[in-house]
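Enquirer: Show me the folded form of this:
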Amino acid sequence: MSIRLAAIALAALLAAPPVFVRLSAQQPAAVALIINNAIVITVDGNRRILNPGAVAINGANIVAVDTPAAIAARYKAAQTIDATGKVVMPGLINTHTHAAMVMFRGLGNDLNLMDWLQKYIFPAEAKTVSPEFVRIGTRLAALEMIESGTTTYADMYYFEEVVARVTKAAGLRGVLGQTVIEFPVADAKTPAEALKRAEVFATEFANDDLITPSLAPHSVYTLDAKTLSATSDLAKRLKIPIQIHLAETQAEIGMSQERHKMRPVAILDSLKFWVPITIAAHGVWITDDEIQLLKQRNVGISTNPESNMKLSSGTAPVVKYRKAGVNVGIGTDGAASNNDLDMFEAMRQAAFQQKLVTMDPTAISAPEALEMATIGGARVIGQQARIGSIEAGKRADLIIVGMSKPRQQPLFDPVSQIVYASRGDDVETTIVNGKILMRDRKVLTLDEASVLADARKAADLVRKAVQ
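Expert: All right, here's what the predicted structure looks like:
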């Protein structure tokens, strides 16, 4: 282009009226679900409560937790749930149960643990437990847990691969333990056979997002030292958790000393039994020195207040555990000894029981009880980085709890009302891994009518077994 033509073009450009380009505001990001206008109890490190608050969820994860206005400015959802006046909180984590044992609910009441096990449960199991029986029982348990706000549970039972398949189909999260016990049971005639089954089970569900396989040696009074060591060795090789009943009753202490010449904690420590994630259920009859040792070994405790009270097993020293820095979660135990899987009840009784035995009303506060049932349980099972609180980046495991019942009014303190006044049937919506399992009390992943019909038929087997 000549110098003359370039000058003409420049002059024309300068003479033209200015053109303004409007830069549009950043468009809201698309997410799958927003829960709006709720009382959001985050159970995060600052115990934040947003009222009103909102939670944005995409895929399996929580994307953001903020005010409704802030969430609306940043996100647009394919689906929205209005939770005005309701509580949104982390799903409850049941750190010890035996899911399929719902089929023995109400069998052998008002007995101590050993009589209950030896006279009723072990004989009934010998005559009834099968893969189908476990499938039916686990479906009934899953239905109960979804309806009462449990999103993760730690299980110990037989045919655990069946438990895992049912759990996954129902959409729940589970740390599921293949039981190892010394006498012949439905799925293994010997402990060695149980360990082989456990390895196959662990391989099938390795790296599953919902199912964490584990090993469940029953106790120090039902296993010899060689088997306890073999179980620990396998768990270490497979890099999976261990669950074990520990110091549940005074009788267990005596049986351990007779069999192993040591108390339960001492024999396990001498065997180098502990693995990175060890879940000790009950932990009632524990000394101060043993508490310090459990802390050093990073053993998590599942306190089961209702089962321990019903069987007169005793009260776990939860306040001492917490003071020592031991991770403590809450469990229901099996519905055969509780007699339900309602973690709201277990959470409330965990607080009340400690207030009673310590004669200190501040022993376990409402926020502390809620934390034991959520983030505390997540620490016990080694999943605190993924679940247990409502925080961006964590899995979307949460529940919506209605707060309109007469016993929930007036609502001065939402955490207090959740712990001391609410029940499992106040849960309206249950979400796990971003998937809605129940909405407005309608379970979407299980056919309730067929679950109950199958359970009633299986109950006939139990009736015949105990006649």
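
Enquirer: Setting aside sequence neighbours, what's the nearest residue to the spatially most central residue of the chain?
Expert: The residue lying closest to the centre of the chain (Cα atoms, centre = their mean) is Ile93, at 2.3 Å. Counting by Cβ to Cβ, 6 or more residues apart in numbering, Ile93 lies nearest to Gly377, which is 3.2 Å off, once chain neighbours are set aside. In this view, the C-beta of every residue, glycine as well, is placed from N, C-alpha and C.

Enquirer: hmm, back to that, the residue nearest to the centre of the chain belongs to a strand?
Expert: Yes. Per DSSP: H, G, I helix; E, B strand; the rest coil, Ile93 lies within a strand segment.

Enquirer: quick one, what contacts the residue nearest to Ile93?
Expert: Leu92, Ile93, Asn94, Thr95, Thr152, Ser302, Gly329, Ile330, Gly388 (Cβ atoms under 8 Å, 6 or more residues apart in numbering).

Enquirer: What strand or helix carries it?
Expert: helix 375-380 (DSSP states H and E).

Enquirer: any idea how far Ala69 is from Pro131?
Expert: 52 Å (Cβ to Cβ, to the nearest Å).

Enquirer: sorry, that was for Glu199
Expert: On the measure of Cβ to Cβ, Glu199 and Pro131 end up 18 Å apart.

Enquirer: mind listing the helices in the stretch 51-200 of the chain by residue range?
Expert: Taking DSSP state H, counting those that start in this stretch as the test, the helices found in the stretch 51-200 of the chain are 68-74, 113-116, 122-128, 131-147, 160-170, 191-204.

Enquirer: what sits against the closest residue in space to Arg173 that isn't next to it in sequence?
Expert: Excluding its sequence neighbours, the residue lying closest to Arg173 (Cβ to Cβ, 6+ apart) is Thr152, at 4.1 Å. Counting by Cβ under 8 Å, 6+ apart, Thr152 touches 91-94, 172-175, 377-378, 381, 383, 387, 397, 432.

Enquirer: With Met101 instead?
Expert: So Met101 contacts Ile121, Gly137, Tyr157, Gly334, Ala335, Ala336 (Cβ under 8 Å, 6+ apart).

Enquirer: hmm, 7 Å instead?
Expert: Residues in contact with Met101 (Cβ atoms under 7 Å, 6 or more residues apart in numbering) are Gly137, Gly334, Ala335, Ala336.

Enquirer: Name all residues that make contact with the closest residue to the first one other than its chain neighbours.
Expert: Pointing back at Gly137 there. Once flanking residues are discounted, Gly137 sits nearest to Ala100: 3.3 Å by Cβ to Cβ, 6+ apart. Going by Cβ under 7 Å, 6+ apart, Ala100 touches Val134, Gly137, Thr138, Ala141, Tyr157, Val163.

Enquirer: Leaving out the residues flanking it, which one is nearest to the fourth one?
Expert: In this structure, Ala141 finds its nearest non-sequential neighbour in Ala99, 3.8 Å apart by Cβ to Cβ, 6+ apart.

Enquirer: One more: Ser389?
Expert: Val43 (4.4 Å).

Enquirer: re the thing from before, right, and the residue nearest to Ala141 touches Asp155 too?
Expert: Yes. Using Cβ atoms under 7 Å, Ala99 is in contact with Asp155, at 5.1 Å.

Enquirer: the more surrounded of those two?
Expert: Legend: neighbour count by other Cβ atoms under 10 Å for Ala99 and Asp155, higher for Ala99 (31 against 27).

Enquirer: coming back round to it: quick check: neighbours shared by Ala99 and Asp155?
Expert: With Cβ under 7 Å, 6+ apart as the test, Ala99 and Asp155 both reach Val163.

Enquirer: coming back round to it: quick one: least confident of the contacts of Met101?
Expert: Lowest pLDDT among the contacts of Met101: Ala336, with 88.

Enquirer: now that residue, nearest residue through space, not along the chain?
Expert: Closest to Ala336 by Cβ to Cβ, 6+ apart is Phe104, at 3.9 Å.

Enquirer: which ones are touching the one you found?
Expert: Per Cβ under 7 Å, 6+ apart, neighbours of Phe104: Ile121, Ala124, Ala336, Val462.

Enquirer: What of Gln354?
Expert: So Gln354 contacts Val318, Val319, Ala363, Ile364 (Cβ under 7 Å, 6+ apart).

Enquirer: Please convert these to a markdown table, extending it with neighbour count.
Expert: Shown next, in a markdown table, are these (neighbours: other Cβ atoms under 10 Å):
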| residue | neighbour count |
| --- | --- |
| Val318 | 26 |
| Val319 | 18 |
| Ala363 | 18 |
| Ile364 | 24 |
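
Enquirer: ok, those residues vs Asp426, which is closest?
Expert: Ile364 (21.2 Å; Cβ to Cβ).

Enquirer: Can you read off the backbone torsions of that closest one?
Expert: The phi/psi pair for Ile364 (degrees, to the nearest 10) reads phi -130, psi 110.

Enquirer: From Ala77, how far out is the residue nearest to Asp454 when sequence neighbours are not counted?
Expert: Nearest residue to Asp454, sequence neighbours excluded (Cβ to Cβ, 6+ apart): Ile136, at 4.6 Å. If you measure Ile136 against Ala77 using Cβ to Cβ, the figure is 37 Å.
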